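>>> Provided below for reference: sequence and predicted model.
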Amino acid sequence: MIMCLCILLYGPGKFSLDYFINRKLVKRLANISAVVLLLLSFNYATGQAKAYAMPYQIEAITEDTATVHFYLKNNSILPKKVTFLIYQPQQEGNNTLVKWFLPFQKVKFELPVKSKIYMASDSQVDTVMQGKRIDSDKPFLSIDKKINSTTLKLNNRE
């Protein structure tokens, strides 16, 4: 009777069937929640994927000032971190944008015509940090009116 009273008060603990079922369920939920938390943290850490408008230099611009909006899309199943160096016409310096792209995420950009976008390597970032320009390198994308409202693939191979 004392043994039954102990089981009634404290339960079977590790020896019960629901303990084994719950333990496997908790591990599975922990794995799923970790993946979901990781995906949400990528998006939260970089902000919402909205239009990125680069600031214009405040001076008289005599060239064509039309802006073009387009989308860059990650067609990979893996998240990708990309560092963009953006040179705009009539602007002395560059704009640097570091962005995490989730799998199949599409991000909108708005830039003036004749801007150049570089997907910067570490050596290019080091060059820019030293105060030099990388205009002589081949850009990832040169902005013109033909790409207005189009979606471009982020991966170089595709």
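Ah, there it is. Residues are numbered from 1 along each chain as shown.
>>> how about the helices in this structure?
2-10, 17-46, 122-129 (DSSP state H).
>>> mean pLDDT lowest where, among these?
Mean pLDDT is lowest for helix 17-46 among the helices of the chain, at a mean of 67.
>>> how about Pro139, nearest residue that isn't a chain neighbour?
Lys116 (4.1 Å; CB to CB, 6 or more residues apart in numbering). Bear in mind the C-beta positions are built from the backbone N, C-alpha and C, glycine included.
>>> doesn't Asp137 make contact with that neighbour?
No: taking contacts as CB atoms under 8 Å, Lys116 lies outside contact range of Asp137: 9.4 Å.
>>> I figured Ser149 hits Phe70, correct?
Yes: in this structure Ser149 lies within contact range of Phe70 using CB under 8 Å: 6.9 Å.
>>> more crowded one of the two?
Ranked by neighbour count (other CB atoms under 10 Å), Ser149 and Phe70 place Phe70 first, with 19 against 9.
>>> apart from its neighbours in sequence, what residue is nearest the more buried one?
Ile147 (5.0 Å).
>>> for that neighbour, give its distance to Glu92.
For Ile147, the distance to Glu92 equals 25 Å [CB to CB, to the nearest Å].
>>> the residue nearest to the spatial centre of the chain pairs with what?
Centre of the chain computed as the mean C-alpha position; nearest residue by CA atoms, centre = their mean is Trp100, 1.9 Å away. For Trp100, the residues forming beta bridges with it (DSSP bridges) are Lys81.
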